[in-house]
Structures are given as structure tokens and as C-alpha cells.
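S.K.: Structure for the following, please:
(one chain, ligands or ions: 2)
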Amino acid sequence: MDETSLAFCPGHISGWFKKTGSENSFSGSIGGGIVISEGVFSEAIKADETVINVCRIDRTGNLISCDVGSPPIEYALLKLGISAQITTKTILPVGAGFGLSAASLLSSIKAVNELYSLDICDEEIAQIAYETEIKFKSGLGDVSACTGGGYICRKSPGMAGEIIRRYDMDKTISAISFGPLATDKILKDKYIMEKISSAYNEICPDTPEDFFKASREFAERSGLVSERVREVLNECSLREIPASMTMLGEGVFAYGEKAPAILSKFGEVYLMKMSDSGFSFRNRRE
Ligand SMILES: Nc1ncnc2c1ncn2[C@@H]1O[C@H](COP(=O)(O)OP(=O)(O)O)[C@@H](O)[C@H]1O
Ligand SMILES: CC(C)(COP(=O)(O)O)[C@@H](O)C(=O)O
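M.R.: Ligands and ions are numbered 1, 2, ... in the order given. Okay, here's the model as predicted:
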């Protein structure tokens, strides 16, 4: 049997963010988010040609569907000068604001690092993932977020940026998605990005409730809340359930035990917790 290497990276839901750098350069972002227990598993096998299978699985790990190809991961492997067959697996929808492009990059690079004994340290792995994200405009701050766990506040951008991580978010986090918002298109839209910038409020909440309050205030000011998202947020407000919009996806994430029942009226509910840790190697087998 072929040698297989498995790594995992948690996803990251941004509650608020602001792009940093000059108008046409994407140096990263500052903002707040939650590193979540659901994310991406990447399984790598040595191969002469790179093939990336992007798969959805159900809660029990059964495959639902797979697509072939992930330009960011293909690019990262090319930069490393290696080829591999990689299968990424996640229960979460792609492009829906769960930071899966960053998670799939980090878990895939970590997996091939072990597979080929490349001896690249975690900081370098994150740097490659970060540069790839910026190049493809598939994310700005998710890579730095997923180098650790917690609900976080990124005070400065990039891999050397200052991040405050808090860990007292113990209750269930639930989320629904109405569909994707293409991160690269939004990041290239000058009008939307200006609105997002002016919605930004420099804040570092120190309780889960304040985290959701700050997220909600940003979402309201950002102009990104759709009719469908608004309906769910209103329903949550009525029941005093902390909730906001998943950045950048047309969806809602909410906090606490009352939330799943309310969200389930609107769509499939994804249940998760805050993750205490970032990306990691899982195992290698023959
Ligand atoms: N699970 C995954 N496995 C492999 N590649 C992925 C995965 N999720 C996202 N990507 C890649 O990243 C690109 C952009 O994703 P993006 O819209 O930023 O999603 P997200 O909001 O989940 O981060 C996708 O078109 C795909 O090429
Ligand atoms: C909000 C976003 C720019 C994109 O997040 P996603 O759509 O999940 O890739 C994120 O990377 C951030 O900088 O906060």
C-alpha cells in the first residue's frame, strides 16, 4: 500500500476584518474571528503528478462528493518543487466564510512536509500558505488565525502580526450557509472594500458575548447582510441569541445551546466548538 500522510487544520470564521496595505496590494488583514473545531483533513500520497481532490464528507466521515482541482494548493506544491495526490475532506461548504482555502493549504502543506520529510518548520509552512492566499486573493487573515486556536483579535497583519487569543468560548457554535461569497471578487471590488473599511472598529472583545456583539455591529455597517441573513439575525436577536454573519459567505454563525433549533428552521446546521489549537500533523501509515 502507498504511504499516506494525514494533517488537519481548523477553519476560521471572521466576524470583522479590514484589509491592510495599499489600495492594489493585499498585504493581509486585521480583525476578529473564531478558530473552529471543524476544518479540513488533507491526506497526501506520493505521486509523479499533482492531483487535488476536494471532497465533502458527512458527520460520520462518509464521502458525499468530490471535485478535482484546487489552484492554491497546486501552486503551493509547485513552489515546494514536489508533486503529490492530495484529498481534502471537510463537512463544511467551500467558499462560505469558514476559511477553508487557508485550512486546506495549511493541512496540505503540513501533510506533504511529513510525507516527503521536507523538514519545513510550522512558521515556514504558514508563510507559504499565507503568500499563496494573498496571491489567489482567497483570504487575508485566516492563515495567521489558524496557526493557533481560540477566539481571536488580530491587531496587526501578516505572519509576524500581533494576535490576542482568548479561550473562554465553551458553548456550541452553530452555523448555516445560504451559499458562497467569492472572496477574490469581494477583495477586488473597490466600492465594497471601502464600505468594509469604514465599518471596521478597532476592538478586542474579552467575552464571547462581546465578540458576537462586535461581529454583529460590523456586519450591519458592512452592507453585506442579505435579506435571508437578516431574517435569521432578527430571529436570533428576538431570542437574545448572540449571532452574526460569516465573513465572507452568505451565512450566519451563532452562539449557545438555543441557537441550533432556531438556525435549523433556515437550513442545514453545522455544529462546532471553538478550537483550542491550530493546524497539526495527524498520522502517517503504510
Ligand atoms: N476544502 C478545500 N480543499 C481544497 N481547496 C479548497 C478548499 N476550500 C477552498 N479551496 C480553494 O480555495 C478557493 C477559494 O476559496 P474561498 O472562496 O476563499 O473559500 P473559503 O471562504 O472557504 O476560504 C477555492 O476555489 C478552492 O480552489
Ligand atoms: C474575511 C476574509 C478576508 C476571507 O475569509 P474567507 O471567505 O473565509 O476565506 C479573511 O481572510 C480575513 O482576513 O478575515
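
S.K.: alpha carbons only for contacts and neighbour counts from here, please
M.R.: Fine.

S.K.: Tell me the secondary structure of Ser22, please.
M.R.: Look at Ser22: counting by DSSP: H, G, I helix; E, B strand; the rest coil, its state is coil.

S.K.: pLDDT value on it, please?
M.R.: In this model, Ser22 is scored at 72, pLDDT.

S.K.: can you pull the contacts of it?
M.R.: If you count contacts by Cα atoms under 8 Å, 6 or more residues apart in numbering, Ser22 has none.

S.K.: Please apply the same query to Val229.
M.R.: Met245, Glu250, Gly251, Val252.

S.K.: Get me the contact residues on this structure for ligand 2.
M.R.: Residues of the chain found near ligand 2 (Cα under 6 Å from any ligand atom) are 14, 17, 29, 95, 97-99, 138-142, 183, 247-249.

S.K.: what's the closest of these to Gly278?
M.R.: Asp142 (10.9 Å; Cα to Cα).

S.K.: So the closest one is in contact with Ser104, correct?
M.R.: No. Taking contacts as Cα atoms under 8 Å, Asp142 lies outside contact range of Ser104: 11.0 Å.

S.K.: all helices in the stretch 51-200 of the chain, in order from the N-terminus.
M.R.: 71-80, 100-115, 122-136, 142-145, 183-188, 190-199 (DSSP state H, counting those that start in this stretch).

S.K.: what's the most buried one of those helices?
M.R.: Mean neighbours per residue, mean count of other Cα atoms under 10 Å, is largest over the helices of the stretch 51-200 of the chain for helix 142-145, with a mean of 30.

S.K.: check whether it contacts ligand 1.
M.R.: No. Using Cα under 6 Å from any ligand atom, helix 142-145 stays clear of ligand 1, coming no nearer than 7.9 Å.

S.K.: ranking the residues of the chain next to ligand 2 by neighbours, who comes first?
M.R.: Per-residue neighbour counts (other Cα atoms under 10 Å) across the residues of the chain next to ligand 2 peak at Gly99, which has 32 neighbours.

S.K.: Please tell me how far that residue sits from Ile13.
M.R.: 6 Å (Cα to Cα, to the nearest Å).

S.K.: from the residues of the chain next to ligand 2, which two are the most distant?
M.R.: It's Ser29 and Gly95 that sit farthest apart of those, by Cα to Cα, at 17.9 Å.
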